[in-house]
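Peer 1: A structural model of the following input is requested.
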Amino acid sequence: MSTHQSDVTVMGLGRMGTALASAFLRAGRRVTVWNRTAHRARPLRDSGAVFESSVAVAIQASPLVVVCVSDVPATWAILGAPAVASALAGRTVVQLSSSTPGEARDLDAWVRAQDADFLSGAILAWPSQVGTEQASLIVAGPNAVLRRHEAMLRSLVGTLEHAGEEIGAACALCAAVLSYMAGHWIGFVHGARICQAEGLKLSDFGEALAAFAPGLGQDARHMARVIDTGHYAHPETSLTTVANDIARLVQVSREDELSSTWPRFASGLFRQAIDAGLGAEETAAVFKVLHEEVMP
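Peer 2: Numbers count the residues shown, from 1 in each chain. As a prediction, the model looks like this:
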């Protein structure tokens, strides 16, 4: 048994887990850490963390256990052993590993069966942003449990959002954000190829997007409101207009001898929406096509 008592135990010391433990330490918290390989804990030990080689002892050291490993199967591999499961009683587990909503619900049921509380969360930040105003954390689970640990979790981020008590909600929101980011990343690198082919500086491209960022935020709110209310009529810019612009990206790709995989994919979705009679509506009306699509 551990002879010390910590405020929080962080399990998993990859880049994100290390960033979480470091943020807790900077906030003046007493931190216990665990990782399969002890050498990853050395910088944190130098900063005041306590390393425990035993999973059970690390869990028993703190009332709050933050798990940040690669995914839920890795979490099961760590917590599922009988000696470890019995150590969870009376603790709160905050799962920050990559997870689907269904995986979060299964893990929640199991953790609660061990007489422990459970919160499922998703960090919207890079490791370097953890502990700053730039980081945000979405948490799902019982409001009373979150309130009990809210001050501790706010040590990690500038924005803490409660997604509700349905335990899969945080993972679902994270998946939705990741869907957006996938398009962002692919779109950026395709745009970088266009800039390179035309002899433009990529730094200028980055600055142009950064300047446009507030407008993109407003557009995200607007699209969410349009889809939520179903008010697709009377757009400022019609789906057909945007579809024509995206189709022109295919032509730009040909002219610059670039892969047209990305613009062809995007153009195909907009063409599908136009063929469905949605051309005069908001660009967000593409949602109707995706919503109706039947996956094999």
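Peer 1: Residue 203: how many residues sit nearby?
Peer 2: Neighbourhood size, residue 203 [other CB atoms under 10 Å]: 9. For every residue, glycine as well, the C-beta is placed using N, CA and C.
Peer 1: Quick check: which element contains it?
Peer 2: Per DSSP states H and E, residue 203 falls inside helix 202-229.
Peer 1: other SSEs contacting that helix?
Peer 2: Packing partners of helix 202-229 (3 or more CB pairs under 8 Å, 6 or more residues apart in numbering; DSSP states H and E): helix 169-197.
Peer 1: try 10 Å this time
Peer 2: helix 169-197, helix 286-292 (3 or more CB pairs under 10 Å, 6 or more residues apart in numbering; DSSP states H and E).
Peer 1: Show the average pLDDT along that helix.
Peer 2: Mean pLDDT, helix 202-229: 96.
Peer 1: Buried ones in it, by neighbour count?
Peer 2: 205, 223, 226, 227 (16 or more other CB atoms under 10 Å).
Peer 1: before we move on, back to that, among the helices and strands packed on helix 202-229, which comes closest to residue 36?
Peer 2: helix 169-197 (24.0 Å; CB to CB).
Peer 1: Run the angle between that closest one and helix 202-229 for me.
Peer 2: 140 degrees (axes from the mean of the first three to the mean of the last three CA atoms, to 10 degrees).
Peer 1: which strands and helices sit next to helix 169-197?
Peer 2: helix 101-113, strand 117-124, strand 136-140, strand 159-164, helix 202-229, helix 239-255, helix 261-275.
Peer 1: Pull the distance from it to the chain's centre.
Peer 2: The chain centroid and the centroid of helix 169-197 are separated by 13 Å under CA atoms, centre = their mean, to the nearest Å.
Peer 1: could you give the angle of it to strand 159-164?
Peer 2: Per the same axes, to 10 degrees, the angle that helix 169-197 makes with strand 159-164 is 130 degrees.
Peer 1: residues contacting the closest residue in space to residue 192 that isn't next to it in sequence?
Peer 2: Leaving aside its sequence neighbours, residue 192 sits nearest to residue 202 (CB to CB, 6 or more residues apart in numbering; 5.6 Å). By CB atoms under 10 Å, 6 or more residues apart in numbering, residue 202 lies in contact with 188, 191, 192, 195, 196.
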